[in-house]
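Participant: Okay, predicted coordinates and the sequence, questions at the end:
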Amino acid sequence: MAHLPSIVVLATGGTIAGAGEAPSGPSYRSAALGIEELLTAVPQARELADLTGEQIAQVGSQDLTPRHWLTLARRVRDRLDRGAEGIIVTHGTDTLEETAFFLDLVVDRPQPVVLTGAMRPATGLSADGPRNLLDAVRVARDPAASGRGVLVVLDETVHTARAVTKTNTSSVSTFRSPLFGAAGAIVGGRTVFFRAPAPRPAPLLSDLEGTSDLPRVDVLYATAGMAADQVECSLDHGAQGLVLAGVGNGNAPRPVVEALSRAAQRGIPIVRSTRAASGFVARDIEIDDTAQGFIAAGALGPAKARVLLMTALVETSDPKELQERFFAEQVA
Ligand code: GLU
């Protein structure tokens, strides 16, 4: 019999493990089914890989925390170092992009790491989970998936963790890479990659084993007339860095920019991202980042900018070093 690659499936819950009362009804409970039930629904996957399932958490992804990310990252590294040829993480879709990006920042192994989920519960009509899981196995066993960082596979499409975001509350085609485009597709049971792997900066968190939590970073959502005291409120409650989900090119009302500037002068890293659905936030265009001591988020939206800042802050709060790291994430 041909060698089947050994792939470990780490399950965390989400709709892919969801169960409803009636197949066509709208309501369901996420994270109801265990990993063995998910694997049983896709017998074809066992023809492609030697699969081992492991339950890491059993929650909707809105309840995952940086502590879960750290546990997951350690488990991914451990399984890869002990011989797994690929890893799949099943995950709720709501914060899937945050976990994927965190793993992308800290796990530097050549074997593919693939996250997948589902928009319809496992008991629903036309459940998308089994197909997504099978496609994730196809990608995780593909040598061409190596060296691309963490990948996200749903709806017959492959995305890089850096580029992907959830764009729709209910559509099965919710995951998109608005700025860079998808990395590939699953066509006729095969993975097709659209371009060569992008360069990858050095991994963060050299002491992954010894890190038990990440520093608090808050995201402030900019609006016309927003209250500037949100800045002090966050800092008073222990935030060690702030991300502005700014308007346009990472902008905000003048009193907010002034409050952020005062925080930056006190050594609090301030990252300007955007609430716009797509686009780069560049330095020194409308706002003088050099004078204010701000960091421009480049290609990263607010949720991912927060993940990067929390992770990088464990090792540095130097705005220059942080800026370099944010710009190193501008390719996907
Ligand atoms: N809110 C749940 C979660 O993110 C269900 C949504 C989903 O998985 O699509 O886990």
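Facilitator: Ah, there it is. Residues are numbered from 1 along each chain as shown.
Participant: At the contact with the ligand, which residues of the stretch 1-150 of the chain appear?
Facilitator: 14-15, 30, 60-62, 92-94, 117, 119 (C-beta under 6 Å from any ligand atom). Using the backbone N, CA and C atoms, a C-beta is placed for each residue, glycine as well.
Participant: so can I have a markdown table of those showing neighbour count and secondary structure?
Facilitator: Formatted as a markdown table, these follow (neighbours: other C-beta atoms under 10 Å; DSSP: H, G, I helix; E, B strand; the rest coil):
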| residue | neighbour count | secondary structure |
| --- | --- | --- |
| Gly14 | 29 | coil |
| Thr15 | 29 | helix |
| Ser30 | 24 | coil |
| Gly60 | 20 | coil |
| Ser61 | 23 | helix |
| Gln62 | 10 | helix |
| Gly92 | 25 | coil |
| Thr93 | 24 | coil |
| Asp94 | 18 | coil |
| Gly117 | 30 | coil |
| Met119 | 25 | coil |
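Participant: out of the residues you listed, who's nearest the ligand?
Facilitator: Proximity of these to the ligand was ranked by C-beta to the nearest ligand atom; the top entry is Gly92 with 1.7 Å.
Participant: re earlier: return the closest of the residues of the stretch 1-150 of the chain next to the ligand with respect to Ala296.
Facilitator: The closest of these to Ala296 turns out to be Asp94 (C-beta to C-beta; 26.8 Å).
Participant: Verify the stated contact: that closest one with Gly60.
Facilitator: Yes - if you go by C-beta atoms under 8 Å, Asp94 and Gly60 touch, sitting 7.0 Å apart.
Participant: returning to that earlier point: which two of the residues of the stretch 1-150 of the chain next to the ligand have the greatest separation?
Facilitator: Across those (C-beta to C-beta), the longest gap, 15.0 Å, separates Gln62 and Met119.
Participant: Identify the residues contacting Lys166.
Facilitator: 93-94, 96-97, 174-175 (C-beta atoms under 8 Å, 6 or more residues apart in numbering).
Participant: Longest strand in the protein, please.
Facilitator: The residue-count maximum for a strand in the chain (DSSP state E) belongs to strand 50-59.
Participant: Need the phi and psi values for Arg77.
Facilitator: phi -60, psi -40 (degrees, to the nearest 10).
Participant: and it, what does it touch?
Facilitator: Arg77 is in contact with 107, 109, 208, counting by C-beta under 8 Å, 6+ apart.
Participant: ok, now how distant is it from the ligand?
Facilitator: 24 Å (C-beta to the nearest ligand atom, to the nearest Å).
Participant: same thing with Gln58?
Facilitator: Using C-beta to the nearest ligand atom, one obtains 11 Å as the distance from Gln58 to the ligand.
Participant: now swap in Ala100 and tell me
Facilitator: Using C-beta to the nearest ligand atom, we find Ala100 at a distance of 13 Å from the ligand.
Participant: three-state assignment of that residue?
Facilitator: helix (DSSP: H, G, I helix; E, B strand; the rest coil).
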